[in-house]
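> this is the structure alone, sequence omitted:
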């Protein structure tokens with residue numbers, strides 16, 4: 001259920017492992033493309049795997065679910081205004097599969113979710129299918145009947161390495177009771193080479209949130225340190241390099257903020273559930289969310305030296321060398337810059353063919369050579385490999401603001 005950045009790679013992987021897979025998505029374009037063996041997202045070798053899976057007859061897609069033995073829910077879990085978790089996509093997916101679920105089926109939630117969401121799946125199924133025997137009614141690990149099993153297994157993959165990490169990474173599996181946990185573990189052991197670690201569903205949900213909140217806090221430390229170093233005329237990159245020689249210190253690299261579908265979102269699920277107890281995580285979120293504003297302030301300060309400068313913004317994706325723009329701090333910075341400056345903005349993002357809404361009417365997408373040739377100010381927002389090979393001669397007599405140390 002869901003053929004996005006996680007659902008589509010998972011579906012194609014399972015199909016190549018011999019499973020008969022039926023993918024479901026609400027987007028007709030996604031469904032049509034998949035049935036033609038084509039993909040709409042960039043991920044190394046995914047196009048080859050999808051073409052093979054569809055060609056073998058093991059993978060097909062439609063707008064509606066069909067009967068199955070295992071249902072995997074991999075839909076978005078964003079937040080609404082006020083950073084309130086939005087579980088509408090999960091609920092809609094469960095309601096969609098409810099007519100097709102039968103006794104003995106396994107329902108797995110892979111979407112990163114607030115604690116208690118997996119248990120809610122059982123409640124929704126009971127509401128729509130009171131005839132079903134949901135496994136959370138059991139109290140032992142050896143049910144004598146054949147219930148519907150429900151478990152959570154959060155995805156833990158890195159864009160650019162998804163297909164490799166779906167197989168090799170350790171997985172955490174937590175069911176709403178012991179039998180559900182074991183059922184899900186047995187399923188993942190059929191295609192995962194890493195460890196399959198077991199727990200209950202609430203702990204599994206919290207584990208994924210904790211992993212990303214931990215990273216968010218550590219990135220916030222680096223981002224705050226970079227701002228302090230600016231004020232004190234210290235190179236934060238030299239400072240971190242030296243400090244990290246300590247055997248028990250590992251400071252991360254600062255940047256324009258934090259983006260992506262996980263780190264910028266998941267901590268809010270913990271904060272929302274325990275607002276009085278999550279002060280450090282809330283502070284880290286505010287630090288990282290405010291970093292794009294600081295970036296723009298730096299750019300505007302330099303732009304004030306010109307009457308109407310041309311500013312090149314290098315990079316829009318949320319991390320290097322991918323086309324993923326979700327929650328990208330670079331986009332937030334460029335949007336803010338466009339709204340606050342009368343400068344001409346040139347954007348270089350080699351992984352996309354069109355600028356996103358909010359920018360496309362105010363900035364121009366161009367290639368690197370043109371941007372370097374025309375601009376007065378060059379800002380590096382994402383450390384794409386392509387930018388690391390920029391000839392320093394091309395930057396002569398330009399103001400350069402490298403927020404990610406791509407130029408060294």
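Looks like it came in fine. Bear in mind that the values here come from a model prediction, so they are computed numbers and not experimental data. Numbering: from 1, shown residues only.
> show me what the worst-scoring helix or strand of the chain on mean pLDDT is packed up against.
None of the helices or strands of the chain scores lower by mean pLDDT, DSSP states H and E than strand 79-80, at a mean of 88. When contacts are defined as 3 or more C-beta pairs under 8 Å, 6 or more residues apart in numbering; DSSP states H and E, strand 79-80 sits against helix 266-273. For every residue, glycine as well, the C-beta is placed using N, CA and C.
> and the helix it packs on, how far out from the chain's middle?
16 Å (C-alpha atoms, centre = their mean, to the nearest Å).
> before we move on, what about stretch 94-104?
On the basis of C-alpha atoms, centre = their mean, stretch 94-104 sits 27 Å off its chain's mean C-alpha point.
> returning to what we had before: what does the helix or strand just after the least confident helix or strand of the chain contact?
Once the chain leaves strand 79-80, the next helix or strand it forms, by DSSP states H and E, is strand 84-85. For strand 84-85, contacts defined as C-beta atoms under 8 Å, 6 or more residues apart in numbering pick out 77, 79, 113, 114, 268, 269, 272.
> write the ChimeraX selection for whichever of those residues are buried.
Buried residues within those, by 16 or more other C-beta atoms under 10 Å, are selected in ChimeraX with:
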select :77,79,113,114,268,269
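> columns distance to residue 225 on top of the contacts of strand 84-85, output as a markdown table?
What follows is the contacts of strand 84-85, written out as a markdown table (distance: C-beta to C-beta, whole Å):
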| residue | distance to residue 225 |
| --- | --- |
| 77 | 31 |
| 79 | 27 |
| 113 | 32 |
| 114 | 31 |
| 268 | 23 |
| 269 | 26 |
| 272 | 28 |
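> just give me the least confident of the contacts of strand 84-85.
For the contacts of strand 84-85, the model is least confident at residue 79; its pLDDT is 88.
> looks like it contacts residue 268 (just checking).
Yes. Using C-beta atoms under 8 Å, residue 79 is in contact with residue 268, at 5.4 Å.
> how close does the closest residue to residue 133 other than its chain neighbours get to residue 134?
Distances taken as C-beta to C-beta, 6 or more residues apart in numbering put residue 147 closest to residue 133, at 4.4 Å, once the chain neighbours are dropped. Note on residue 147: its distance to residue 134, by C-beta to C-beta, to the nearest Å, is 6 Å.
> now swap in residue 30 and tell me
Going from residue 30 to residue 134 by C-beta to C-beta gives 31 Å.
> now swap in residue 303 and tell me
For residue 303 relative to residue 134 (C-beta to C-beta), the value is 60 Å.
> buried residues, stretch 353-371. List them.
Those buried within stretch 353-371 under the rule 16+ other C-beta under 10 Å are 355, 359, 362, 363, 364, 365, 366, 368, 371.
> remind me which residues of this protein are low pLDDT?
Residues of the chain meeting the criterion pLDDT under 70: 135-145.
> biggest helix in it, by residue count?
As assigned by DSSP state H, the longest helix anywhere in the chain is helix 201-231.
> quick one: it to helix 266-273, angle?
Inter-element angle recorded for helix 201-231 and helix 266-273: 110 degrees (by axes from the mean of the first three to the mean of the last three C-alpha atoms, to 10 degrees).
> next helix or strand past helix 201-231?
In N-to-C order, the element after helix 201-231 by DSSP H and E is helix 236-243.
> domains of the protein?
Domains of the chain are assigned by automatic domain parsing as 65-209, 235-402.
> in JSON lines: these, plus distance to residue 2.
Shown next, in JSON lines, are the domains of the chain (distance: least, C-beta to C-beta, whole Å):
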{"stretch": "domain 65-209", "distance to residue 2": "4"}
{"stretch": "domain 235-402", "distance to residue 2": "12"}
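> nearest to residue 43, of the ones you listed?
Residue 43 sits nearest to domain 65-209 of all the domains of the chain, at 5.5 Å, using C-beta to C-beta.
> from start to finish, how long is the closest one in a straight line?
One end of domain 65-209 to the other measures 29 Å (C-alpha to C-alpha, to the nearest Å).
> repeat for stretch 183-202
17 Å.
> for that stretch, what is the distance to the chain centroid?
22 Å.
> what about the helices in the stretch 251-400 of the chain?
266-273, 279-303, 329-340, 368-374, 385-388 (DSSP state H, counting those that start in this stretch).
> any idea how far the residue minimising distance to the centre of the chain is from residue 76?
Nearest residue to the geometric centre of the chain (C-alpha atoms, centre = their mean): residue 261, 2.7 Å. The gap separating residue 261 from residue 76 is 8 Å, by C-beta to C-beta.
> can you list the buried residues in stretch 22-34?
Buried residues in stretch 22-34, counted by 16+ other C-beta under 10 Å: 22, 23, 24, 25, 26, 30, 31, 33, 34.
> can you list contacts of it?
Against stretch 22-34 from outside (C-beta under 8 Å, 6+ apart): 1-4, 7-8, 11, 39-40, 50, 54, 59-66, 68, 96.
> now do 7 Å
Outside stretch 22-34, the residues within contact range by C-beta atoms under 7 Å, 6 or more residues apart in numbering are 1-3, 7, 11, 39-40, 50, 54, 59-66, 68.
> give me the buried entries from those.
The neighbour count (16+ other C-beta under 10 Å) marks 1-3, 7, 11, 39, 50, 54, 59-61, 65, 68 as buried among the contacts of stretch 22-34.
> can you redo those residues as JSON lines with distance to residue 334 and secondary structure?
Compiled in JSON lines, the buried ones among the contacts of stretch 22-34 are given as follows (distance: C-beta to C-beta, whole Å; DSSP: H, G, I helix; E, B strand; the rest coil):
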{"residue": "1", "distance to residue 334": "34", "secondary structure": "coil"}
{"residue": "2", "distance to residue 334": "29", "secondary structure": "coil"}
{"residue": "3", "distance to residue 334": "29", "secondary structure": "coil"}
{"residue": "7", "distance to residue 334": "29", "secondary structure": "helix"}
{"residue": "11", "distance to residue 334": "34", "secondary structure": "helix"}
{"residue": "39", "distance to residue 334": "27", "secondary structure": "coil"}
{"residue": "50", "distance to residue 334": "32", "secondary structure": "helix"}
{"residue": "54", "distance to residue 334": "37", "secondary structure": "helix"}
{"residue": "59", "distance to residue 334": "37", "secondary structure": "strand"}
{"residue": "60", "distance to residue 334": "39", "secondary structure": "strand"}
{"residue": "61", "distance to residue 334": "34", "secondary structure": "strand"}
{"residue": "65", "distance to residue 334": "39", "secondary structure": "coil"}
{"residue": "68", "distance to residue 334": "43", "secondary structure": "coil"}
